[in-house]
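1. Pasting the sequence and the predicted model now:
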Amino acid sequence: MAKIGFIGLGNMGGPMVANLISAGHSVSVFDISAEAVSRAVGGGASAADSAVATAVGAEVIITMLPAGAHVRSVYVADDGVLDALEKGALVIDCSTIDVPTARDMIVEGEKRGLEMIDAPVSGGVGGAAAGTLTFMCGGTDSAFGRAEPILQAMGKNIFHAGAAGAGQSAKVCNNLMLAIQMIAVSEGFGLAEKLDLDAQKLFDIASTATSQCWAMTSYCPVPGPVPTSPANNDYAAGFTVAMMLKDLKLSQEAATTTGANTPLGAQATELFDAYAALGNEGLDFSAIIRHITGR
Ligand code: NAD
């Protein structure tokens, strides 16, 4: 079993640490939120005083941070984690970040004799808690081969998408599609309400018909049909509007850089941007149904 340092214990990182501990790994944790650290310690992790302190003697470092700027700062700012690791250590960044930063961090790691992959996830907080996340990884065969058994403690489907940054490329495409699907499901359920069609009836039909998708069947934005979805808990996140907006902006930057045509992605970005600007950044992203239906 490995000696792991884990940095970023939020909605996703917290339950991921719990699964690493259940699998028998020894995990040293750090987060700028003392409350998040004490929750992880309650579950069997040991607390480190800083991000760098998690790296001392660690065979593996895992990060689960909000965005590229946080990842860059933790890895390579003054007293960065990459400088504190011993040569040969393995670094796994599970945060969803921009492709250029992911590639840069892997280059920085390799300069220091480390092996590193980008390994963003899909599956939400439910998947993190159940240990059924999908990991999409970018990096060398050797780094991926070492990371795979560690990731198996937290996930069910572990994919090697390609070279450095390929995991983030897969993730940005996935979340572009997810945002559009959540908006589509919201429009469908909004129209059903206007047509006096019961939401549960629409769910029963559509979830076995051609509009079936994860945004409907696992994360339905109306209360009732999927009891575990945030809609039943006043849209407590989950995956926040702010995080979805971040990912949509990443998709639009990538589309601009590559010349890809994403008209619905552009529209989805505008909708989430407008909803966030009304003070809803902290709600679950499925609350976009309120914006669409004017509730
Ligand atoms: P979160 O905001 O709940 O957690 C992020 C954690 O990082 C917080 O606890 C925060 O205190 C900590 N943090 C920030 N800066 C730090 C620093 N410098 N040092 C140490 N800790 C620091 O976010 P989350 O929902 O857990 O998401 C994390 C990442 O996973 C994001 O990139 C997100 O896009 C991605 N993701 C989230 C979900 C989801 O459903 N929540 C699903 C897939 C992917």
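-> Sure thing, it's come through.
2. and the stretch 51-200 of the chain, which residues reach the ligand?
-> 51, 64-66, 70, 73-74, 95-96, 121-122, 124-125 (Cβ under 6 Å from any ligand atom). Just so you know, the C-beta spots here come from the backbone N, C-alpha and C atoms, and that holds for glycine as well.
3. Show me those that map onto strands.
-> Those of those mapping onto strands are 121-122, per DSSP state E.
4. pLDDT and neighbour count added to the residues of the stretch 51-200 of the chain next to the ligand, as JSON lines?
-> Output for those, formatted as JSON lines (pLDDT from 0 to 100; neighbours: other Cβ atoms under 10 Å):
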{"residue": "Ala51", "pLDDT": "97", "neighbour count": "24"}
{"residue": "Met64", "pLDDT": "98", "neighbour count": "27"}
{"residue": "Leu65", "pLDDT": "97", "neighbour count": "25"}
{"residue": "Pro66", "pLDDT": "96", "neighbour count": "16"}
{"residue": "His70", "pLDDT": "97", "neighbour count": "16"}
{"residue": "Ser73", "pLDDT": "97", "neighbour count": "14"}
{"residue": "Val74", "pLDDT": "98", "neighbour count": "26"}
{"residue": "Ser95", "pLDDT": "98", "neighbour count": "26"}
{"residue": "Thr96", "pLDDT": "95", "neighbour count": "28"}
{"residue": "Val121", "pLDDT": "97", "neighbour count": "24"}
{"residue": "Ser122", "pLDDT": "94", "neighbour count": "18"}
{"residue": "Gly124", "pLDDT": "90", "neighbour count": "25"}
{"residue": "Val125", "pLDDT": "92", "neighbour count": "18"}
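5. Inside helices: which ones of the residues of the stretch 51-200 of the chain next to the ligand?
-> Among those, the residues falling in helices (DSSP state H) are 51, 70, 73-74, 124-125.
6. which ones are touching the residue in the stretch 151-295 of the chain that the ligand sits nearest to?
-> Taking Cβ to the nearest ligand atom as the measure, the point where the stretch 151-295 of the chain comes nearest the ligand is Phe239, at 3.2 Å. Contacts for Phe239 (Cβ atoms under 8 Å, 6 or more residues apart in numbering) come out as 11, 124-125, 284-285.
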